[in-house]
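> My questions concern the predicted model and sequence given below.
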Amino acid sequence: MTAATSIDAMAADFLTALRSGNRHDASCLVLDAVNSGRVPVRDVYLNVFRTSQQEVGRLWSVGELSVAEEHYCTAATQLIMSQLYPHIFAVARRGRTLVATSVARELHELPIRMVADFFEMAGWDTYYLGASTPASDVVRTVLDQKADVVAVSATMANHVAGVKDVVDALRAASDSKIMVGGWPFSQDPDLWQRVGADGCAENAQDAVELAERWMT
């Protein structure tokens, strides 16, 4: 079995456990793989958590998962992510700061939380604001934290205007670099430019790599 096949099988088993309501098995699957050294935390995030959440979203959109089931899968994934924090935070700090947030009325916070965790694994200090944060509060936090980079997420097309509001507010008050991401930006490769951001990232690893280029 190749490494790719192994991680794909792990992602499938993880989603099966969640859909069965068996959070304990899903947690054990991930923790055993990471603690044994078989699978790096980054691979779990990108190829298990991210992949399974994309499938959860697809199943919900076609009516194969209820809202309650989608919420359960997401909440369970967030809990299991937190169980990996001893690995994530055990990295020397590098003196760089990220503020990560979803825009106002955007309730899907797991993708931007994954971005913040990847920056932590890269040695950045992160200030994670979570879901539905007003633009004025984002700006205040960025200034207070003296953030080098701000990551702004939206998963719904009708929240793109909110992303532009945040970007415009930041431009008026800060010189921090701004990256955006989320489903609308994956569908339109030029959208990040139209909202005025400095760049766009497809996933958490890409976000870190983009920020590192900005800092060199």
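Structure's in. What do you need? Residues are numbered from 1 along each chain as shown.

> tell me which residues of the helix or strand of the chain with the lowest mean pLDDT are tucked away?
Least confident helix or strand, the chain: helix 3-19 with a mean of 88, by mean pLDDT, DSSP states H and E. Going by neighbour count (16 or more other CB atoms under 10 Å), the buried part of helix 3-19 is 7, 10, 11, 14, 15, 17, 18, 19. Placement of C-beta: from N, CA and C, glycine included.

> The third one and residue 134, how far apart?
Right, residue 11. Distance, residue 11 to residue 134, using CB to CB, to the nearest Å: 35 Å.

> again with the second one
Residue 10 sits 38 Å away from residue 134, going by CB to CB.

> Could you pull out the buried residues of stretch 102-111?
102, 103, 104, 106, 108, 109, 110, 111.

> mind listing which of those residues are in helices?
Judged by DSSP state H, the buried residues of stretch 102-111 include 110, 111 as members of helices.

> and the two most separated of the buried residues of stretch 102-111?
104 and 110 (17.5 Å; CB to CB).

> still on that earlier bit, ok, the buried residues of helix 3-19 vs residue 50, which is closest?
residue 11 (8.9 Å).

> Hmm, the closest one is touching residue 52, no?
Yes: with contact defined as CB atoms under 8 Å, residue 11 reaches residue 52; the gap is 5.6 Å.

> Let me see the contact set for residue 198.
Going by CB atoms under 8 Å, 6 or more residues apart in numbering, residue 198 touches 177, 178, 179, 214.

> quick one on the thing from earlier: buried residues, whatever helix or strand comes next after the least confident helix or strand of the chain. List them.
Per DSSP states H and E, the first helix or strand lying C-terminal to helix 3-19 is helix 23-35. For helix 23-35, a neighbour-count test (16+ other CB under 10 Å) marks 23, 26, 27, 29, 30, 33, 34 as buried.

> Give me the domain ranges for this protein.
Domain assignment for the chain by automatic domain parsing gives 3-88, 97-215.

> Give me whichever of those domains is most buried.
Among the domains of the chain, the stretch with the highest mean neighbour count (mean count of other CB atoms under 10 Å) is domain 97-215, at a mean of 20.

> What separates the first and last residues of it, distance-wise?
11 Å (CA to CA, to the nearest Å).

> again with stretch 12-29
First residue to last in stretch 12-29 (CA to CA) measures 11 Å.

> chain center to it, what's the gap?
Put simply, stretch 12-29 sits 20 Å off its chain's centre (CA atoms, centre = their mean, to the nearest Å).
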